[in-house]
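> Need a 3D model of the following:
(chains A and B)
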Amino acid sequence: MSAPVVEVFGASARAYVRQPINIVLLIILPPLLIIAMNSAISTFSDVIGGNLGERAGTGLAGLWAASLLTGAAVFFVLRTSLQTDARLVVAGLSELSLSSAHAIATLLIALITTLISFLMLVATQEVGDALNLFAAILASALIYGAIGTLLAWFIEGDLEVSFVIILIFMLVAFVGGPLGGSTGLVANLFPLHFTSEIAVASMLGDSFPGEWFVYSGLYLAAIIAAYPAARWLRGRS
Amino acid sequence: MTFLPVTGSLLQQYRRNVFLLFLLVTVPFIFITLSYYNTVDEPLAFFVTDSGDRVQRIESMKDVHAAIMVPITVAFLAGIIGLFVMVEAIRNDARLTVAGLQLGFVATARLLIVLILTAVITVVSIAVTLVNFQPGDLPGFIAGNFLIGTTYAFIGAIAALIVGRLGGAYLMFFLPMIDVGIFQDPMFVSGDQALWMKLLPGFGATRMVLDAGFTGSMDDGTALVAAVAWATGLGIVAVALFMTRRSSG
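Next comes the predicted model:
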């Protein structure tokens, strides 16, 4: 890692930990959600026409917690640093170094939230396929982190972005995921569809088609590829 | 200068924000409509207060979901509104007091903005649900939803003052979901709730909503007292914290 990347990444990290409560909440909220939703998701799945059992539903709660927290954290960290970033670029820092620093920060936040959710799931549930479960949660967190990044570039206000994050989450949960047993083209187009399916299958130890990994990877790659386009468009405006 | 002109001018930034106004209408519409049409039409047994007694009702899950999605949506959105109105206040209101406005006026103006925006999402959410579900006692239904909105809006404001913008966002993404969306929802908790669930902020107002939704009149005094106590208490705490922070800052 080059010195400027380390410097920018360090500044983002310092800004984040300046309020220790951010770390505390990042650690306690996923377990809280997993415990609260233990049987609720399974019940709710029946209500909206799905058939998720308790174990599968709990896995989904862990995936949602990691994704939501990563998306929100990445958005707010990036939003806070936008003005400083612009000054750093004017002062000579390359766009590549800046983007690399933010990408590392996103990866780190996603790893932390994923690890917390994963450990909670392993500690409280019988997990069929731990490796694939971890991969599915991490991919979901990274997808949400990338969405948080795009939102930071395109939408000005915190209030508006929070509404959009919740809206995306509701659509992902109700329309795009295994909660309501959604299948078909529309469901497949939602960002966490295949990662959620992998997480559910992994909780139960069921086998799943290898294409699900390919589609999840493609979604992640597409949304990451949107990042330079977003920067370019914002630069033009 | 009284607090009303101050409120009016502070409200301008929200009135001019077309995207925010668009979201204030579309988010409740999508949440509530989607929930109604995705729910299976099967019977659900739950308890309401009728003429002072707790009685069991059996209703379609579609109707229960249509009714309960209103306080869930209002709590979610009002919490976020309270949080970010207060974040805005923390950033900008020092300038207003330096310019000569009394701290009390500024605090009251911010409180009014939170209440106005909460009223907007309450009205929109109820209007959306009325397409598919007609509560037995509409004024009681409105009151319950407005109280859950104000309760969570003040929780959002307090979160902004205590844990800041990011921590507040974390909390407001999860607390309404856990309290109103799970522990007060008769689709998840059968029978009457455990005592600790009744001590949560969403208890009274959500019970008012269910009572008003599925009986001819909202006559659950305990729920009303709990809802008003939470909303009032949290409002007082929010204003006190805001004024303490400003006068010490």
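
> Could you use CA atoms for every contact and neighbour count after this?
OK.

> for the record, mean pLDDT for the helix or strand containing A:Met170?
According to DSSP states H and E, A:Met170 maps onto helix A:158-171. For helix A:158-171, mean pLDDT rounds to 88.

> In whatever helix or strand comes next after it, which residues are buried?
Moving toward the C-terminus from helix A:158-171, the next helix or strand (DSSP H and E) is helix A:185-188. For helix A:185-188, burial by neighbour count (16 or more other Cα atoms under 10 Å in any protein chain shown) applies to A:Ala187, A:Asn188.

> what separates helix A:185-188 from the chain centre, distance-wise?
Chain-centre distance of helix A:185-188: 19 Å, with Cα atoms, centre = their mean, to the nearest Å.

> Just the helices from chain A, written as ranges.
For chain A, the helices defined by DSSP state H cover A:3-17, A:20-36, A:40-47, A:54-90, A:95-124, A:130-154, A:158-171, A:185-188, A:193-204, A:211-236.

> wait, which of these is closest to B:Ser125?
helix A:158-171 (14.4 Å; Cα to Cα).

> Give me the helices and strands touching the closest one, please.
helix A:54-90, helix B:18-38, helix B:61-98 (3 or more Cα pairs under 8 Å, 6 or more residues apart in numbering or on different chains; DSSP states H and E).

> Could you tell me which residues of chain A lie near chain B?
A:19, A:21-22, A:25-26, A:29, A:33, A:36-37, A:40, A:43-44, A:47-49, A:69, A:72-73, A:76, A:158-160, A:162-164, A:166-167, A:170, A:174, A:180 (Cα under 8 Å from any Cα of the partner chain).

> Mind checking the helices of chain A for the one nearest to B:Ala227?
That would be helix A:20-36 among the helices of chain A, by Cα to Cα, at 22.4 Å.

> hmm, back to that, most tightly surrounded among the helices and strands packed on helix A:158-171?
Stretch with highest mean neighbour count among the helices and strands packed on helix A:158-171: helix B:61-98 (a mean of 24; mean count of other Cα atoms under 10 Å in any protein chain shown).

> how far does it sit from the chain's center?
With Cα atoms, centre = their mean, you get 7 Å for helix B:61-98.

> Packing partners of it?
So helix B:61-98, by 3+ Cα pairs under 8 Å, 6+ apart, packs with helix A:158-171, helix B:18-38, strand B:43-50, helix B:103-130, helix B:138-178, helix B:203-214.

> Same list (these) but as CSV, adding distance to A:Gly128.
CSV is the format used below for the helices and strands packed on helix B:61-98 (distance: least, Cα to Cα, whole Å):
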stretch, distance to A:Gly128
helix A:158-171, 26
helix B:18-38, 30
strand B:43-50, 33
helix B:103-130, 41
helix B:138-178, 27
helix B:203-214, 37
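
> so which of these gets nearest A:Val6?
A:Val6 sits nearest to helix B:138-178 of all those, at 23.0 Å, using Cα to Cα.

> and the closest one, does that touch chain A?
Yes: Helix B:138-178 reaches chain A (Cα under 8 Å from any Cα) through B:Val163, B:Leu166, B:Gly167, B:Ala169, B:Tyr170, B:Leu171, B:Phe173, B:Phe174, B:Ile178.

> Let me have the helices and strands packed on helix A:158-171 in CSV, adding mean pLDDT and distance to B:Val55 as columns.
Listed next are the helices and strands packed on helix A:158-171 as CSV, based on pLDDT from 0 to 100; distance: least, Cα to Cα, whole Å:
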stretch, mean pLDDT, distance to B:Val55
helix A:54-90, 87, 30
helix B:18-38, 90, 25
helix B:61-98, 90, 16
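
> gap between the residue in chain A positioned nearest to chain B and B:Glu42?
Nearest residue of chain A to chain B (Cα to the nearest Cα) works out as A:Ile48 at 4.3 Å. Separation of A:Ile48 from B:Glu42 (Cα to Cα, to the nearest Å) stands at 10 Å.

> The two: which has the busier surroundings?
Set A:Ile48 next to B:Glu42 and count neighbours by other Cα atoms under 10 Å in any protein chain shown: A:Ile48 wins out with 22 against 12.

> Name the residue closest to the centre of the chain, please.
No chain specified, so I'll use chain A. Nearest residue to the geometric centre of chain A (Cα atoms, centre = their mean): A:Ala141, 2.4 Å.

> Oops, wrong one, chain B.
B:Gly149 (1.3 Å).

> Contact partners for that one?
Residues near B:Gly149 by Cα atoms under 8 Å, 6 or more residues apart in numbering or on different chains: B:Pro71, B:Val74, B:Ala75, B:Ala78, B:Gly79, B:Thr118, B:Ala119, B:Thr122.

> State the mean pLDDT of stretch B:113-133.
The model assigns stretch B:113-133 a mean pLDDT of 95.

> Skip the chain neighbours and tell me the closest residue to the residue of chain B found nearest chain A.
In chain B, the residue that lies nearest chain A is B:Thr39 (4.3 Å; Cα to the nearest Cα). Excluding its sequence neighbours, the residue lying closest to B:Thr39 (Cα to Cα, 6 or more residues apart in numbering or on different chains) is A:Ile48, at 4.3 Å.

> Touching, the one you found and B:Asp41? I think so.
No: contact status for A:Ile48 versus B:Asp41: not in contact, 9.3 Å apart, counting by Cα atoms under 8 Å.
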